[in-house]
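Colleague: have a look; sequence and predicted model below, questions after that.
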Amino acid sequence: MKTAVSCLLIGVMLVPLVALSQEGAEQSSPPGTDLSHGAADAPRPVVRVPLFAPSAAASAKRMPVEQRAERGFLRNAATSSRFELEASNLAARKSGDASIRAFAARLNATHRASGQQLQHMLHARGMAMPMFENSQRKVLNRLEKLDGAKFDREFMAQLGTRYQTDEVQMFERAQKVVKDPALAAWIERSLATLKDNLALAEQSTHGDVKLARSASFATAARQTSPAVVPGMPMPPPTQVLGAGRSTSP
């Protein structure tokens with residue numbers, strides 16, 4: 001009888017010690033180990049840290065100057081193409097001037113034709129199609145609210161002769177530094193079309209609209225918003241008279 005009581009007391013005293021030892025083992029065991037079965041579970045998936053902006057920027061700095069210039073040009077060209085395509089769609093709906101509608105139709109056809117080629121060249125470099133610049137979105141929002149003669153004046157102020165001239169100059173600067181044969185050939189083909197667009201813009205720009213050529217908000221923003229691309233010649237200074245403000249009365 002005494003022996004049984006002694007065994008019972010010893011058992012009661014050992015239970016907390018066993019629990020403490022199991023708790024310590026669980027804390028010291030690596031994640032994924034099932035102590036109750038004495039075997040390791042399947043390994044947990046590794047969480048990979050995404051490439052944050054500082055790392056991406058560091059990678060971009062390690063690129064050759066020519067490659068960085070090509071990427072900067074393609075980003076600006078793609079953004080400009082999207083902007084002109086959207087604005088020309090608005091002109092097709094809102095303009096009452098035959099010459100402006102013809103000019104807008106020409107812009108629309110130009111950028112629809114080049115859109116797929118631009119996407120292909122961007123994707124080949126691991127780049128996504130860029131979003132609108134804030135300045136471009138503001139211009140589009142303003143055009144959306146206008147109709148008739150007011151729309152025509154603002155449309156030509158933002159996308160007329162001054163804008164088309166700057167676009168031609170942007171392609172000409174890129175032509176001097178781009179080394180990729182496919183991209184260089186595309187720039188050469190595009191320049192011929194862009195110069196035709198400029199000529200048509202000069203024919204479409206008439207009366208008080210002609211005075212608004214140098215006040216293009218979208219043109220000024222396109223020159224000042226992107227970072228300077230090493231190796232790309234600097235554009236000539238453009239006089240900015242006001243954000244989205246026309247010089248016409």
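Modeller: Looks like it came in fine. Keep in mind it's a predicted model, so treat the numbers as computed, not measured.
Colleague: now the strands: where do they sit in this protein?
Modeller: Read by DSSP state E, the chain holds these strands, from start to end of the chain: 33-34, 39-40.
Colleague: could you say what helices and strands the longest helix anywhere in the chain packs with?
Modeller: The longest helix of the chain (DSSP state H) is helix 65-94. Where contact means 3 or more Cβ pairs under 8 Å, 6 or more residues apart in numbering; DSSP states H and E, helix 65-94 is packed against helix 98-124, helix 134-145, helix 148-159, helix 161-177, helix 217-224. C-beta coordinates here come from the backbone N, C-alpha and C atoms, glycine included.
Colleague: buried ones in the third one, by neighbour count?
Modeller: Buried residues in helix 148-159, counting neighbours by 16 or more other Cβ atoms under 10 Å, are found at F151, D152, R153, E154, F155, M156, A157, Q158, L159.
Colleague: between helix 65-94 and it, find me the angle.
Modeller: Interaxial angle of helix 148-159 relative to helix 65-94 (axes from the mean of the first three to the mean of the last three Cα atoms, to 10 degrees): 170 degrees.
Colleague: just the second one next, same as before
Modeller: Here the directions of helix 134-145 and helix 65-94 differ by 10 degrees (the same axes, to 10 degrees).
Colleague: got the buried residues for helix 134-145?
Modeller: Of the residues in helix 134-145, those buried by neighbour count under the rule 16+ other Cβ under 10 Å are S135, Q136, K138, V139, L140, L143.
Colleague: by contact count, what packs against that helix?
Modeller: helix 65-94, helix 148-159, helix 217-224.
Colleague: of all those, which one is nearest A201?
Modeller: Comparing the helices and strands packed on helix 134-145 against A201 with Cβ to Cβ, the closest turns out to be helix 148-159 (7.6 Å).
Colleague: and the closest residue to A184 other than its chain neighbours, what does it touch?
Modeller: In space, and not counting its chain neighbours, A184 is closest to V178: 5.0 Å by Cβ to Cβ, 6 or more residues apart in numbering. Shown in contact with V178 (Cβ atoms under 8 Å, 6 or more residues apart in numbering): E66, A69, E70, F73, A184, I187.
Colleague: format these as TSV; extra columns: neighbour count and pLDDT.
Modeller: Formatted as TSV, the contacts of V178 follow (neighbours: other Cβ atoms under 10 Å; pLDDT from 0 to 100):
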residue	neighbour count	pLDDT
E66	15	81
A69	22	88
E70	25	92
F73	22	95
A184	15	95
I187	20	96
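Colleague: wait, which of the residues you listed is closest to H123?
Modeller: Among those, E70 lies closest to H123 (Cβ to Cβ), at 13.9 Å.
Colleague: remind me which residues of this protein are low pLDDT?
Modeller: 1-61, 205-249 (pLDDT under 70).
Colleague: can you do 80?
Modeller: 1-63, 205-249 (pLDDT under 80).
Colleague: and A98, how many neighbours?
Modeller: 9 (other Cβ atoms under 10 Å).
Colleague: one more: P64?
Modeller: Using other Cβ under 10 Å, the number of residues around P64 comes to 11.
Colleague: could you measure from it over to A77?
Modeller: According to Cβ to Cβ, to the nearest Å, P64 and A77 sit 20 Å apart.
Colleague: so N108 touches E86, yeah?
Modeller: No: if you go by Cβ atoms under 8 Å, N108 and E86 don't touch, sitting 9.6 Å apart.
Colleague: export the buried residues of helix 134-145 to TSV and append columns for distance to A124.
Modeller: As requested, the buried residues of helix 134-145 are arranged in TSV below (distance: Cβ to Cβ, whole Å):
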residue	distance to A124
S135	28
Q136	25
K138	31
V139	30
L140	28
L143	33
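Colleague: what is the most widely separated pair among these?
Modeller: So, the buried residues of helix 134-145 by Cβ to Cβ: farthest apart are S135 and L143, at 12.9 Å.
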